[in-house]
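1. please find the sequence and the predicted model below.
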Amino acid sequence: MPVILFLLLLLPVCAGLAFGLTGYGIGALARSRRSSRRTGSLLGALAAFCGAASAVVYAWGGLLLAGAVVEAEDGGTSSSPLLPCRDVTGREEQLQQVVGYSVGFVPLRFDCELTDGGSYDSGAVPGAVSAHAATLALSGAALAVAARYAAEREARSRSRTEAGGPDRDAGSDGDRNRS
């Protein structure tokens, strides 16, 4: 039962994270429209949206996992072997050896444990769910690093321009005074 409680806490945390990152991304997009730091803000917005999408995908996988745990804990008539463990084709001979289950969170998985100590993934949470969540999270992290680098580069360029250094778009001071 502690697994269900953890999953019930995981879903609102992921939802809050998704809403927060989406709000940050929308704010970053708004800042990019009225700011000279356009590249850094756009990359920051993309990073936030990737993070929000990752949280949503992970929450979806957590919901699938919670459903499998509830099915496994249901008991009663026709509860052996465990319901989530029956959905796997090609393992019919192992169905009578299922004695329990275990849950994994990274990656999300529901494993059916066998009498001989082995286990197999029931497929209750498709492998693509964890793969997509990880890909989106890593993409968001890479975009966040790129946004930080772009913001620092834009700040250095702006400080050089304000300090009286040559402006790349306008040429040198001598060029401006010739006309």
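-> Received it, and whenever you're ready, just let me know what you need.

2. okay, CA-based contacts and neighbour counts for the rest of this
-> Noted.

3. quick one: the one residue sitting closest to the centre of the chain from A141, how far?
-> Geometric centre of the chain, nearest residue: S54, 2.0 Å, by Cα atoms, centre = their mean. Plainly put, S54 is 11 Å away from A141 if you go by Cα to Cα, to the nearest Å.

4. list the contacts for the residue nearest to the centre of the chain?
-> For S54, the contacting residues are H132, A133, A134, T135, L136, A137, by Cα atoms under 8 Å, 6 or more residues apart in numbering.

5. doesn't A48 make contact with the last one?
-> No. Under the contact definition of Cα atoms under 8 Å, A137 does not touch A48, with a separation of 9.7 Å.

6. of these two, which one has the most company?
-> A48 (27 against 21; other Cα atoms under 10 Å).

7. over to the more buried one. Which of the three states is it?
-> At A48 the chain is in helix, as set by DSSP: H, G, I helix; E, B strand; the rest coil.

8. am I right that it is in contact with G27?
-> No. Judged on Cα under 8 Å, A48 makes no contact with G27 at a distance of 10.2 Å.

9. low-confidence stretches in this structure?
-> Low-confidence segments of the chain (pLDDT under 70): 1, 35-37, 75-80, 87-92, 94-96, 164-179.

10. sketch out the strands for it, chain order is fine.
-> Using DSSP state E, the strands of the chain run over 98-105, 108-114, 119-121.

11. got a list of contacts for the second one?
-> So that's strand 108-114. Against strand 108-114 from outside (Cα under 8 Å, 6+ apart): 61-62, 65, 68, 85, 94, 97-104, 119-127, 129-130.

12. so what are the sheet partners of it and their directions?
-> Paired with strand 108-114 in the same sheet, following DSSP bridges, are strand 98-105 (antiparallel), strand 119-121 (antiparallel).

13. so how far is that strand from its chain's centroid?
-> What separates the centre of strand 108-114 from the centre of its chain is 22 Å, taken as Cα atoms, centre = their mean, to the nearest Å.

14. show me the contact partners of stretch 119-132.
-> For stretch 119-132, the external contacting residues (Cα under 8 Å, 6+ apart) are 54, 57-58, 60-61, 64-65, 68, 84-88, 106-113.

15. rerun at 7 Å
-> Residues external to stretch 119-132 that are found in contact with it (Cα atoms under 7 Å, 6 or more residues apart in numbering): 57-58, 61, 64-65, 68, 84-85, 87-88, 107-113.

16. for PyMOL, write a command that selects the buried ones of the residues you listed.
-> Applying 16 or more other Cα atoms under 10 Å to those leaves a buried subset, and the PyMOL line that selects it is:
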select buried, resi 57+58+61+64+65+68+84+85+107+108+109+110+111+112+113
